[in-house]
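Asks: need coordinates for the following:
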Amino acid sequence: MRRLVFRVGIAALALWLGACATPAAPPERFYSGRFAATAASGERRETISGLFTVEVRGARQTIDLATPVGTTVARIEIEPGRATATGPQLQTISGPDADQLIEGLTGWRLPVAGLADWIEGRPSPDRPASTQRDGERISEIVQDGWTIRYAEFSSVTQRPRRLLMERSPAGAGPALSVRLIVDEPAP
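Replies: All right, here's what the predicted structure looks like:
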């Protein structure tokens, strides 16, 4: 009888907590898609690929990187002046530079800090950048050591659909190339 009372009590508490919980507001912007990254240093070449999502809520961004089958590899949360990254073994590190944090977790200096803006086809407004245009659209951005080229635009959203991001070797680090394909929004 005690077990039954205990179980009923736990179930009632869970229902009560669930009813009190406020559902999270949907993100202001949401992107998903696929990525492939290549690091080249001399004769050595490494490649990784997977899935990504980017959620933007005000000044906060959450970026998830996953394997091709959907297993989360890293989550990066970016707020003004602070970033937190969580790796596959749930280790969490924090600091001011999101790109350094993801490099610490994955071994790759992936371009995460400017990603939400670059997917929109614009440089991040809070850091220096140079741009080139093809008519009305920005065709290339140079920012944070990355050169971002727009290879294709969505016929639905008119935003970039395929992006090529390249970073020249820095110090002892390899040259990096990242290709993104942003999913089309659902009809």
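Asks: so where's this structure shaky on pLDDT?
Replies: Along the chain, the parts satisfying pLDDT under 70 run over 1-24, 171-172, 186-187.
Asks: the most centrally placed residue in it: which element?
Replies: The centroid of the chain falls nearest to I63 when counting by C-alpha atoms, centre = their mean (3.2 Å). Assigned by DSSP states H and E, I63 belongs to strand 60-66.
Asks: who touches the residue nearest to the centre of the chain in this structure?
Replies: Applying C-beta atoms under 8 Å, 6 or more residues apart in numbering, we find I63 in contact with F52, T53, V54, E55, R75, I76, E77, I78, V112, L115, A116. (C-beta placed from N, C-alpha, C; glycine too.)
Asks: for the strand holding I63, buried residues please.
Replies: Buried residues in strand 60-66, counted by 16 or more other C-beta atoms under 10 Å: Q61, T62, I63, D64, L65, A66.
Asks: of those, closest to S41?
Replies: L65 (21.6 Å; C-beta to C-beta).
Asks: export the buried residues of strand 60-66 to a markdown table and append columns for distance to S94.
Replies: Below are the buried residues of strand 60-66 laid out as a markdown table (distance: C-beta to C-beta, whole Å):
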| residue | distance to S94 |
| --- | --- |
| Q61 | 15 |
| T62 | 14 |
| I63 | 15 |
| D64 | 17 |
| L65 | 17 |
| A66 | 21 |
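Asks: the helices in the chain, which residues?
Replies: In the chain, the segments counted as helices under DSSP state H are 2-20, 98-106, 115-119.
Asks: on contacts alone, who are the packing partners of the last one?
Replies: Applying 3 or more C-beta pairs under 8 Å, 6 or more residues apart in numbering; DSSP states H and E, one finds that helix 115-119 contacts strand 29-41, strand 44-57, strand 60-66, strand 160-167.
Asks: ok, which of these comes nearest Y150?
Replies: strand 160-167 (4.6 Å).
Asks: quick one: list the elements packing against the closest one.
Replies: helix 115-119, strand 146-153, strand 175-182.
Asks: point out the most buried one among these.
Replies: helix 115-119 (a mean of 23; mean count of other C-beta atoms under 10 Å).
Asks: list the contacts of that helix.
Replies: Contacts of helix 115-119 (C-beta under 8 Å, 6+ apart): 29, 31, 54, 56, 61, 63, 111, 123-125, 141, 143, 148, 159-160, 163, 165, 180, 182.
Asks: of the residues you listed, buried ones?
Replies: Judged by 16+ other C-beta under 10 Å, buried ones among these: 31, 54, 56, 61, 63, 111, 123-124, 141, 143, 148, 159-160, 163, 165, 180, 182.
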